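here is my input; please provide its structure:
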Amino acid sequence: DSKGAILDRFLDWGFTGDLEAIPEGMPVTPFIPLVRISGNPVDTHIAETMTLLCLNTGTALSTKARRVTYHARGLPVIDMSFRRMVAGVGGTAEIVRALALGGFSGTSHVQAAKMLGLRPVGTHPHSWIMFFGSDRNAFEIYGLLYPENYCALLDTFDTLKRGAQADIEVTKRLILRQLRVASDEREEETICAKWSPDQWRKFLRDNKPNLGNVVYFARNDSGDQEYYTREIWRAYEEAGLSRVKQIIITNDLDEYLLNQILDGDAVIHAVGVGTKAVSGLSSTGVVYKLGAIIESDGSIRSVIKSGSPKKSSVQYPNVPLVLFGSTPAGNTIQGYVVCLPEEVDNLRNGGTVEVIHPYSPQERIKISFDSAEELLVKILNKGKLVVSPDVFTDTRAVMAEAERCFAMLPKPHKRLWYPQRMKYGLSLGLFEARQKLIQSSTVAG
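Numbering: from 1, shown residues only. Predicted coordinates:
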């Protein structure tokens with residue numbers, strides 16, 4: 001039957017079109033074409049859903065992660081979102097990858113870490129301590145299992161009186177074992193009871209080279225983080241352990257809360273972010289529209305969606321460009337323009353260009369710049385990959401490129417409150433061609 005014939009057609013189906021895309025990690029603005037797909041109607045229609053899924057989800061997650069990592073002011077940010085992911089069991093590795101591109105430095109998702117070549121990082125839950133009945137017993141067992149990756153969760157029962165104090169006792173014993181100072185548990189207890197804080201400070205200073213990169217972490221997951229981290233750190237200093245201790249904070253953190261905490265006197269060495277990294281995000285609003293039709297004679301007929309002005313599209317042919325300004329520290333992004341192909345050569349070497357907002361023609365902005373680069377890169381040619389597979393598989397390399405691109409974004413655009421809007425728009429030539437298409441109603445709205 002006809003349904004069976006249609007299904008049979010897809011048994012050996014493979015995408016045979018062309019794909020261009022903006023490299024991952026490049027900051028973008030509205031109305032910049034992120035992906036361009038060319039091919040037959042079957043290929044291009046099938047590609048729509050997956051393209052939008054990847055772009056809307058990945059871009060939203062990476063943007064949120066970048067906001068968090070930037071406003072963490074240089075502190076490492078760890079992904080602890082696995083139990084909060086909106087994707088359920090499927091698709092979670094892709095979420096971890098998107099967060100990594102936004103600057104997260106490790107993940108508690110062990111399988112995703114292995115798949116993507118990321119650093120697996122995690123701590124124990126409150127239930128671990130509750131199972132063993134006391135902070136001291138739980139920390140002791142955890143330290144036996146992970147002597148060089150020890151992290152105590154302090155706030156199960158009482159953060160300062162029980163959690164921090166038990167952590168101090170266990171940390172001292174772990175250090176003695178690491179340095180092979182005591183012969184048995186009894187001697188460990190004796191040393192811990194007799195040595196003064198000053199003796200511990202001198203001992204750790206003298207033996208720092210022997211400890212290598214071993215750091216003893218503590219995590220606080222509740223309460224006033226500014227107050228508790230300050231008091232936890234005071235306890236470590238009074239015990240003589242501040243040289244080897246570091247504090248991680250968690251508990252529904254995002255860029256706004258981090259900014260508030262870090263403006264105070266908190267003592268924080270790393271941040272774990274889970275819920276707010278993956279939940280409550282709105283779609284980035286990426287849409288997929290037909291820009292041109294290739295006629296049977298090979299000619300190209302530009303088309304446009306022209307209904308609501310705010311949802312009208314940009315026709316093909318067009319070329320998105322990023323505009324750079326030169327500084328002693330390197331290139332900075334000055335703005336973006338989408339122009340006609342014949343306008344590109346006049347823009348490559350810099351100057352000033354007037355851009356027009358796509359649906360607010362009264363908004364005209366002049367951008368001065370020193371150089372311009374095309375944003376779209378050919379990825380697939382007639383269904384065949386024409387770039388190195390590393391652009392998909394080498395997560396570390398893509399993360400490094402994302403860091404490089406983000407560094408080119410001027411600071412006023414990164415502000416948490418009232419950020420400066422990046423300049424972007426259509427060139428005069430493309431805008432006029434677009435207006436003619438809209439007026440002729442080539443495609444109904």
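
C-alpha only now, for contacts and for neighbours.
OK.

determine how far stretch 133-153 lies from the middle of the whole chain.
The chain centroid and the centroid of stretch 133-153 are separated by 31 Å, computed with Cα atoms, centre = their mean, to the nearest Å.

flag the shaky bits of this protein, pLDDT-wise.
Within the chain, the segments meeting pLDDT under 70 span 1-3, 309-310, 441-445.

swap in 80 and give it another go.
For the chain, the stretches with pLDDT under 80 are 1-6, 9, 86-91, 280-283, 306-312, 329, 441-445.

residue nearest the centroid of it?
residue 102 (1.7 Å; Cα atoms, centre = their mean).

so that one touches residue 70, yeah?
No. At 9.2 Å, residue 102 does not count as touching residue 70 under the criterion of Cα atoms under 8 Å.

list of residues touching stretch 36-52?
Residues outside stretch 36-52 that contact it (Cα atoms under 8 Å, 6 or more residues apart in numbering) are 15, 16, 17, 18, 19, 20, 21, 286, 287, 288, 376.

how about it as CSV, C-alpha atoms only?
Output in CSV follows, covering the C-alpha atoms of stretch 36-52 (Å, rounded to 0.1, in the frame of the first residue of the first chain):
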residue,chain,number,x,y,z
ARG,A,36,22.0,26.5,6.6
ILE,A,37,20.7,23.3,5.1
SER,A,38,20.4,22.8,1.3
GLY,A,39,19.0,19.7,-0.4
ASN,A,40,15.9,18.0,-1.7
PRO,A,41,12.5,18.6,0.0
VAL,A,42,12.6,15.3,1.8
ASP,A,43,16.0,15.8,3.3
THR,A,44,15.4,19.3,4.4
HIS,A,45,12.0,18.6,6.0
ILE,A,46,13.3,15.6,7.9
ALA,A,47,16.2,17.7,9.2
GLU,A,48,14.0,20.3,10.8
THR,A,49,13.0,18.7,14.1
MET,A,50,16.4,17.4,15.1
THR,A,51,18.1,20.7,14.0
LEU,A,52,15.7,22.8,16.2
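
buried residues, that stretch. List them.
For stretch 36-52, the neighbour count (16 or more other Cα atoms under 10 Å) marks 36, 37, 38, 39, 43, 44, 52 as buried.

quick one: it to chain centroid distance?
The answer for stretch 36-52 is 26 Å, by Cα atoms, centre = their mean.

ok, stretch 379-399 next?
19 Å.

follow-up on the earlier one: pull out the buried members of the contacts of stretch 36-52.
For the contacts of stretch 36-52, a neighbour count by 16+ other Cα under 10 Å gives the buried set as 15, 16, 17, 18, 19, 20, 21, 286, 288, 376.

which one of the buried residues of stretch 36-52 is nearest residue 65?
residue 52 (19.6 Å; Cα to Cα).

which SS state does the closest one fall under?
Under the three-state scheme (DSSP: H, G, I helix; E, B strand; the rest coil), residue 52 adopts helix.

give me the distance between it and residue 284.
Distance, residue 52 to residue 284, using Cα to Cα, to the nearest Å: 10 Å.
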